[in-house]
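Chemist: curious how this folds, go ahead:
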Amino acid sequence: MHKYRFITIISVLLLLFTSSCITIINRVKVNEDKSGTAFIGVELNLFAQFKNLSSDNISVDEKNTILSFPEVAKQKLNGINGISNIKTYGVVNFGRFGIEFNFANSKALNKAYYRLMDEEYKWYYPNFINIKNRKLIVKNISPYIKTYIEENDEEFISSNIIKFVNVATVIELPRKIKASQIDNGSISSNERIFTNITPLKDIMEQEVSIGFKLKY
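Modeler: Residues are numbered from 1 along each chain as shown. Below is the predicted model of the structure:
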């Protein structure tokens, strides 16, 4: 399968959907026993509509490569101990494109993250999300995002497309948030959901942190 640069992926998604903006999201719901459900992919605004796939602006190869992501991701996650109930969301699923799965604990969740990046999780690797007793830590991966794009897709940085992309982490906890250590974000009215939405442009130009800690 061909590998496409970030600018190609976002361009294709913008062309496939009539949307003013795309949010790349990591949504995690945590249960009392530290298990939970995660969604990784793209969520579009509520008014986004699916466009005709016959658009002349997108090659068949590009469309097939991007649209196959959910199924390819599912294949990568199959067989990971602690990962179950894997679901895919394609373009026919209005407003959502990506993959969802259950995880038994944060170790399994981080194994899934690394597997999606074609890496095998090692005990000494940093955890993207660490779920402890009444505490959750999300690592600031802004430097990694910035370095990856700089090394692999310089054209994307200088393009106008970057301003249409947001990066979001949404955490839903089983109890109310008692304390937080964050640079930016918001807590829901029921005090159980924390949302951090950051423009990708700010990550690239200002190195805004997207990491945080929550106690609940």
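Chemist: can you verify residue 147 is assigned to a helix?
Modeler: Yes - counting by DSSP: H, G, I helix; E, B strand; the rest coil, residue 147 is found in a helix.
Chemist: roughly how far apart are it and residue 153?
Modeler: Computed as CB to CB, to the nearest Å, the residue 147 to residue 153 distance reads 11 Å. (Each C-beta comes from the backbone N, C-alpha and C, glycine too.)
Chemist: try residue 77
Modeler: Taking CB to CB, one finds residue 77 at 25 Å from residue 153.
Chemist: and what of residue 162?
Modeler: Computed with CB to CB, the distance linking residue 162 and residue 153 is 10 Å.
Chemist: more neighbours: which of residue 147 and residue 153?
Modeler: For residue 147 against residue 153, the residue with the higher neighbour count under other CB atoms under 10 Å is residue 153, and the figures read 17 against 10.
Chemist: next one: that one, what pLDDT does it get?
Modeler: Per-residue confidence (pLDDT) for residue 153: 73.
Chemist: shaky segments in the protein?
Modeler: Counting by pLDDT under 70, the chain shows low-confidence ranges at 1-20, 44-60, 62-63, 91-95, 183.
Chemist: all helices of it, in order?
Modeler: For the chain, the helices identified by DSSP state H occupy 6-16, 60-67, 69-77, 106-116, 142-152, 154-158, 200-206, in order along the chain.
Chemist: report the contact partners of residue 119.
Modeler: Contacts of residue 119 were listed using CB atoms under 8 Å, 6 or more residues apart in numbering, and they are residue 125.
Chemist: try it again with 7 Å
Modeler: With contacts defined as CB atoms under 7 Å, 6 or more residues apart in numbering, residue 119 is in contact with no residue.
Chemist: what of residue 148?
Modeler: In this structure, residue 148 makes contact with no residue, judged by CB under 7 Å, 6+ apart.
Chemist: now residue 162, nearest residue through space, not along the chain?
Modeler: Spatially, and ignoring its direct neighbours in sequence, residue 162 is nearest to residue 201 (5.2 Å; CB to CB, 6 or more residues apart in numbering).
Chemist: same deal with residue 113?
Modeler: residue 128 (4.9 Å).
Chemist: give me the neighbour count for that neighbour.
Modeler: By the measure other CB under 10 Å, the count of residues near residue 128 is 21.
Chemist: and the one 3 residues further on, by the same measure?
Modeler: The burial count assigned to residue 131 is 23, neighbours taken as other CB under 10 Å.
Chemist: go on, residue 214?
Modeler: 21.
Chemist: same deal with residue 145?
Modeler: Other residues within reach of residue 145, judged by other CB under 10 Å, total 19.
Chemist: what number of residues are in the vicinity of the closest residue to it other than its chain neighbours?
Modeler: Of all residues not flanking residue 145 in the chain, residue 203 sits nearest, at 5.6 Å (CB to CB, 6+ apart). Residue 203 is surrounded by 23 other residues when neighbours are defined as other CB under 10 Å.
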